[in-house]
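Asker: What shape does this take:
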Amino acid sequence: MANVASSFKSASDAPRRRREDSPAASRRVPYNMEMEQALLGCILLEGGSETMGMCVQERIKAECFYNARHQLIFQSMMHLYQKQDPIDEITLSDRLRQDGNFEASGGDATLIELANRIDTHAHLPYYIQRVRDAYLLREVIRLSNEAIEGAYDETQDVASFLEKTEQSIFSISENRIVDAAQPLEKSIDDAVQLVNNLIQNKGQITGVTTGFADLDKMTTDWHEGEMIVVAARPSMGKTSIALNMIEPAICPRPGHEATGALMFSLEMPAEQLAMRLLCSRARVNMTKLRDGFVPKEKQQDIVRAAQELKNAPLMIDDSSGLNILELRAKARRVASQMKGKLGLIAVDYIQLVNGTDSRVPREQQIAEISRGMKGMAKELRVPVIVLAQLNRESEKEKRQPRISDLRESGSIEQDADVVLLLSKSRDHNEEEELAAEAVPRDLIVAKQRNGPIGTVPLYFIKHLTRFENSQRHSA
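Answerer: Numbers count the residues shown, from 1 in each chain. Model prediction:
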């Protein structure tokens with residue numbers, strides 16, 4: 001019996017011995033101290049305005065640093081950046097003291113060493129990549145070790161364990177982020193290629209014009225620093241009206257200068273947006289285009305519109321899962337790339353933007369996001385068009401939407417300078433609309449900080465997915 005017990009004990013100890021004897025147990029975890037120092041040195045050298053923006057965009061956070069002192073230093077840098085304060089040895093030293101981390105971070109000696117580490121921040125992208133890659137490898141090791149330990153627990157539900165393990169590993173890949181803002185030229189090329197495939201296979205302005213004459217009169221155009229909320233129920237045309245507002249800015253009438261624009265599309269890929277913009281500009285029926293039947297003259301219109309749009313100053317970022325800090329960082333970088341020519345930003349749509357802390361209630365997250373949108377408009381001195389969803393109350397009560405129907409947070413109403421509610425016309429007829437090419441829509445100006453409120457009548461051209469002024473269809 002003793003031998004049997006000994007055998008069982010020996011067998012039960014075998015997994016632990018295998019883990020302790022594993023080569024991974026004696027290996028050094030991946031990290032690069034010099035790259036961490038160089039990255040922090042870049043931020044101190046440049047002052048944080050551009051370098052921290054790039055770090056936020058690339059999802060660099062305190063945990064990405066292996067060295068505990070570097071974690072504390074970057075955490076304080078982030079606090080300064082969020083308040084838009086400059087970052088140098090003096091401000092950082094003061095911030096570390098406020099955070100109670102001055103001694104633990106190594107004090108002035110460490111900050112001076114970091115500040116003298118490099119002479120230029122030109123290689124920051126490389127330093128970011130190396131620090132992030134080392135962090136991701138450490139995460140793989142950590143999650144793999146947790147998976148190995150969990151695999152020895154025979155009492156658990158295997159299906160749930162495998163799903164949790166798969167999600168954990170997949171989350172590492174999701175945490176990687178690339179600079180997804182791309183010139184419209186590339187998206188238009190993709191859209192033109194898609195058009196070709198479909199055919200072959202048969203399948204006086206004081207601000208930025210709103211794109212609608214009656215709305216221009218009521219709002220006197222969009223102005224810098226304004227947050228404009230355009231809200232509607234799903235499938236009412238929020239994305240379409242945003243594109244219609246962008247189009248006259250980037251493709252103005254002769255004699256007027258184009259305005260640079262940036263669109264964040266958290267729901268729709270860039271090539272689909274380009275396709276919509278292309279067909280709307282060329283006035284091509286998208287339904288017929290999908291079937292591959294487009295007259296020769298319309299094919300020429302597509303080519304003409306593509307040439308116009310390829311030269312248009314529009315950037316599209318179709319990254320998903322952005323939080324407000326990442327979104328603002330991307331906007332700053334695009335504004336810098338456009339060298340002061342960025343004049344309009346659109347976000348489709350606010351409920352898809354993540355909060356910086358997923359643990360807080362969603363209403364608080366939306367409030368943070370809304371404040372961030374308004375802050376971005378003021379910081380970059382451009383109008384920001386923010387699309388939003390309305391709740392179901394107006395549909396249930398069979399009435400026109402009200403500003404109180406904005407989903408999830410009243411803070412959107414508070415932060416917005418203009419709130420537009422897109423809805424069916426008060427006198428709409430469902431049967432007539434089904435057969436009509438152009439259907440009436442009401443654009444309700446529910447709030448305007450510096451002007452009147454009221455209703456702007458529009459028409460939605462269904463086969464073009466395009467809104468137009470009501471005068472064109474009044475006859």
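
Asker: what about this structure, any weak spots by pLDDT?
Answerer: 1-26, 163, 167, 170-171, 173-182, 194-195, 197-206, 408-409, 427-435, 471-475 (pLDDT under 70).

Asker: The longest strand along the chain packs against which elements?
Answerer: The residue-count maximum for a strand in the chain (DSSP state E) belongs to strand 438-448. If contacts are counted by 3 or more Cβ pairs under 8 Å, 6 or more residues apart in numbering; DSSP states H and E, strand 438-448 sits against helix 213-219, strand 418-424, strand 454-461. The way it works is simple: take the backbone N, C-alpha and C, and place the C-beta from them, glycine included.

Asker: Centre of the chain to stretch 112-121, how far?
Answerer: In this view, stretch 112-121 has its centroid 32 Å away from the chain centroid, taken as Cα atoms, centre = their mean, to the nearest Å.

Asker: before we move on, the earlier item: would you convert the helices and strands packed on strand 438-448 into JSON lines that also reports distance to R69 and mean neighbour count?
Answerer: Formatted as JSON lines, the helices and strands packed on strand 438-448 follow (distance: least, Cβ to Cβ, whole Å; neighbours: other Cβ atoms under 10 Å):
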{"stretch": "helix 213-219", "distance to R69": "52", "mean neighbour count": "18"}
{"stretch": "strand 418-424", "distance to R69": "47", "mean neighbour count": "24"}
{"stretch": "strand 454-461", "distance to R69": "58", "mean neighbour count": "20"}
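
Asker: so which of the ones you listed gets nearest Q400?
Answerer: Across those, Q400 has its closest neighbour in strand 418-424 (5.7 Å, Cβ to Cβ).

Asker: ok, so what distance separates the residue lying closest to L464 once chain neighbours are set aside from L273?
Answerer: Spatially, and ignoring its direct neighbours in sequence, L464 is nearest to S280 (5.4 Å; Cβ to Cβ, 6 or more residues apart in numbering). With the distance defined as Cβ to Cβ, to the nearest Å, S280 ends up 11 Å from L273.

Asker: Between the two, which is the more surrounded one?
Answerer: L273 (24 against 20; other Cβ atoms under 10 Å).

Asker: For the more buried one, list the residues it contacts.
Answerer: Neighbour list for L273: S187, T239, L243, M263, S265, I316, D318 [criterion: Cβ atoms under 8 Å, 6 or more residues apart in numbering].

Asker: again with L421
Answerer: Per Cβ under 8 Å, 6+ apart, neighbours of L421: A231, A232, L390, Q400, P401, R402, I403, D405, L443, I444, A446.

Asker: re earlier: from what I see, the residue nearest to L464 and E247 are in contact.
Answerer: Yes. Using Cβ atoms under 8 Å, S280 makes contact with E247 at a distance of 7.2 Å.

Asker: which neighbours do these two share?
Answerer: Counting by Cβ under 8 Å, 6+ apart, nothing touches both S280 and E247.

Asker: Okay, strands next: where are they in the stretch 201-350 of the chain?
Answerer: 227-232, 260-265, 314-317, 342-348 (DSSP state E, counting those that start in this stretch).

Asker: For S49, find the nearest of those strands.
Answerer: Closest approach to S49 among the strands of the stretch 201-350 of the chain is made by strand 342-348 (15.9 Å; Cβ to Cβ).

Asker: Listing partners with orientation, what would you give for the longest strand of the chain?
Answerer: strand 418-424 (antiparallel), strand 454-461 (antiparallel) (DSSP bridges).

Asker: Now, of the contacts of L273, which are buried?
Answerer: The neighbour-count test (16 or more other Cβ atoms under 10 Å) marks S187, T239, L243, M263, S265, I316, D318 as buried among these.

Asker: D94: which of those residues is nearest?
Answerer: M263 (38.8 Å).

Asker: contacting residues around the spatially closest residue to the closest one that is not a sequence neighbour?
Answerer: In space, and not counting its chain neighbours, M263 is closest to A346: 4.6 Å by Cβ to Cβ, 6+ apart. Applying Cβ under 8 Å, 6+ apart, we find A346 in contact with A242, M245, I246, A261, L262, M263, F264, V384, I385, V386, L387.

Asker: try it again with 6 Å
Answerer: A242, M263, I385 (Cβ atoms under 6 Å, 6 or more residues apart in numbering).

Asker: between these, which is nearest C64?
Answerer: Nearest to C64 among the contacts of A346, counting by Cβ to Cβ, is M263 at 29.2 Å.

Asker: you'd agree the closest one is up against D318?
Answerer: No. Contact criterion Cβ atoms under 6 Å: M263 and D318 do not qualify, at 8.7 Å.

Asker: P269 reaches D318, doesn't it?
Answerer: Yes. If you go by Cβ under 6 Å, P269 and D318 touch, sitting 5.3 Å apart.

Asker: Helices of the stretch 1-150 of the chain, start to end?
Answerer: 2-20, 33-46, 51-57, 68-82, 89-98, 107-115, 124-151 (DSSP state H, counting those that start in this stretch).

Asker: Kindly report the same for the stretch 351-475 of the chain.
Answerer: Counting by DSSP H, counting those that start in this stretch, the helices of the stretch 351-475 of the chain are 362-380, 393-396, 411-415, 430-435.

Asker: quick one: contacts of the third one?
Answerer: Contacts made with helix 411-415 from outside it, assessed by Cβ under 6 Å, 6+ apart, are listed as M227, V229, A367, S370, R371, K374, I403, L406.

Asker: wait, what's in contact with P86?
Answerer: Applying Cβ under 6 Å, 6+ apart, the residues near P86 are G47.

Asker: gap between stretch 99-111 and the chain center?
Answerer: Between the mean C-alpha location of stretch 99-111 and the chain-wide mean there is a distance of 34 Å, by Cα atoms, centre = their mean.

Asker: End to end on that stretch, go ahead and measure it.
Answerer: Using Cα to Cα, to the nearest Å, the end-to-end distance of stretch 99-111 comes to 15 Å.

Asker: Tell me the spatial nearest neighbour of I169, not counting adjacent residues.
Answerer: L143 (6.1 Å).

Asker: any idea how far the one you found lies from A104?
Answerer: 28 Å.

Asker: How about R283?
Answerer: 64 Å.

Asker: what does S160 give?
Answerer: 39 Å.

Asker: How about H79?
Answerer: Counting by Cβ to Cβ, the gap from H79 to A104 is 15 Å.

Asker: tally of neighbours for N469?
Answerer: Other residues close to N469 by other Cβ under 10 Å number 17.
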